[in-house]
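[1] Quick one: sequence and predicted model below, then my questions.
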Amino acid sequence: MAVTADIKALYEAGAHFGHKTSRWHPKMAPYIHSKRGDSHIINLETTVAAFDEVLPLVTKTIAAGKKVLFVGTKKQAKDAVRQAAESVDQPFVTERWIGGMLTNAETITRQIRKLRDLEKRMASGDLEKRYNKLEVQRFQEEIDLLNLKYGGIKDLSGKPGLVVVLDTLTDINAVREANNLHIPVVGIVDSNTNPETVTHPIPGNDDALKAIEAYLDLFVAAVRDGAAGADKPEKNVEAKKES
């Protein structure tokens with residue numbers, strides 16, 4: 001069953017609260033419902049419509065065997081983004097976006113290879129055998145730093161099929177790199193954001209944690225739908241073999 005957004009749940013999560021009217025971006029006009037005091041109210045009907053268009057794309061991407069990269073480096077969002085991505089075994093970036101994460105594959109791959117090598121040597125005891133305690137501690141610190149930077153994408157092979165950005169202003173560099181590589185970008189766009197920077201804009205509050213969690217719940221459900229769909233052909237093949 002296809003995942004759909006519920007307007008009541010989004011309302012209760014505060015997804016409709018935009019920024020002050022003085023900070024709005026004129027291109028968000030089609031998504032604005034009204035003003036409340038000196039702030040804009042986002043039309044959640046347009047939010048639901050955007051989700052209903054995007055969620056099947058997420059499902060289709062996963063079913064095709066591709067990855068969805070989740071990006072959310074804002075302080076209040078990073079833990080929720082990491083937990084959501086890890087729950088469905090998808091790559092993520094929740095610390096600072098490092099330039100070239102998508103566009104400079106050679107350098108990033110080299111760093112990830114270094115991280116994997118150090119982790120392997122640490123786990124096997126090789127580093128402990130070869131170096132003193134202080135040196136081993138420094139290797140562990142290097143591993144921790146590399147994991148902080150690249151841990152969320154170390155299992156990402158090649159380009160992701162889709163990038164989901166929870167705040168397109170904070171993580172505009174991620175949006176730009178994905179755009180340069182023609183990777184579709186799903187982005188939450190608040191009232192102060194240019195929705196035209198992303199392939200698939202979803203109007204909504206990008207600051208409130210409850211709203212962010214509500215969006216992530218929908219994306220995670222769509223990923224799970226895609227994973228279930230991807231499993232079906234294999235099960236069918238096994239059934240044929242048994243018969």
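    Sure, I can see it. Numbers count the residues shown, from 1 in each chain.

[2] Find the centremost residue of the protein, please.
    Phe70 (1.1 Å; CA atoms, centre = their mean).

[3] That one against Phe92, yeah?
    Yes: Phe70 is in contact with Phe92 according to CB atoms under 8 Å; the separation is 4.4 Å. Using the backbone N, CA and C atoms, a C-beta is placed for each residue, glycine as well.

[4] For the two, list the residues in contact with both.
    Residues touching both Phe70 and Phe92 (CB atoms under 8 Å, 6 or more residues apart in numbering): 81, 85.

[5] Can you tell me the SS state at Glu86?
    helix (DSSP: H, G, I helix; E, B strand; the rest coil).

[6] and what of the one 4 residues further on?
    The three-state label for Gln90, taken from three-state DSSP, comes out as coil.

[7] how much space is there between the residue lying closest to it once chain neighbours are set aside and Leu55?
    Computed as CB to CB, 6 or more residues apart in numbering, the closest residue to Gln90 that is not its neighbour in sequence is Val68, at 5.2 Å. Distance of Val68 to Leu55, given as CB to CB, to the nearest Å: 11 Å.

[8] Same question for Val81.
    For Val81 relative to Leu55 (CB to CB), the value is 17 Å.

[9] the more surrounded of those two?
    Val81 (27 against 23; other CB atoms under 10 Å).

[10] Give me the pLDDT value at the more buried one.
    pLDDT, Val81: 98.

[11] surely it meets Leu69?
    No: at 10.7 Å, Val81 does not count as touching Leu69 under the criterion of CB under 8 Å.

[12] who touches both of the two?
    With CB under 8 Å, 6+ apart as the test, Val81 and Leu69 both reach Phe92.

[13] thinking again about what came up before, three-state assignment of the residue nearest to the centre of the chain?
    strand.

[14] Lys129 versus Thr47, what's the distance?
    Where Lys129 is concerned, Thr47 sits at a distance of 57 Å (CB to CB).

[15] Of those two, which one has the most company?
    More crowded of Thr47 and Lys129, by other CB under 10 Å: Thr47, with 25 against 9.

[16] quick one: the more buried one from Glu106, how far?
    39 Å.

[17] Same question for Ile143.
    Taking CB to CB, one finds Ile143 at 21 Å from Glu106.

[18] The two: who's more crowded?
    Each of Ile143 and Glu106 has its neighbours counted (other CB under 10 Å); Ile143 has more, 20 against 7.

[19] didn't that one look like it was pressed against Arg121?
    No: with contact defined as CB under 8 Å, Ile143 does not count as touching Arg121 (9.6 Å).

[20] Am I right that Ala214 is in a helix?
    Yes: note on Ala214: a helix contains this position according to three-state DSSP.

[21] Isn't it up against Lys8?
    No: judged on CB under 8 Å, Ala214 makes no contact with Lys8 at a distance of 10.8 Å.

[22] Those two: which has the busier surroundings?
    For Ala214 versus Lys8, the count of surrounding residues by other CB under 10 Å is larger for Ala214: 21 against 8.

[23] and the helix or strand encompassing Thr46, what does it pack onto?
    Assigned by DSSP states H and E, Thr46 belongs to helix 44-63. Applying 3 or more CB pairs under 8 Å, 6 or more residues apart in numbering; DSSP states H and E, one finds that helix 44-63 contacts helix 7-12, strand 68-71, strand 162-165, strand 185-189, strand 200-203, helix 209-242.

[24] Mind putting the ones you listed into TSV with mean pLDDT?
    Shown next, in TSV, are these (pLDDT from 0 to 100):
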stretch	mean pLDDT
helix 7-12	97
strand 68-71	98
strand 162-165	98
strand 185-189	98
strand 200-203	98
helix 209-242	78
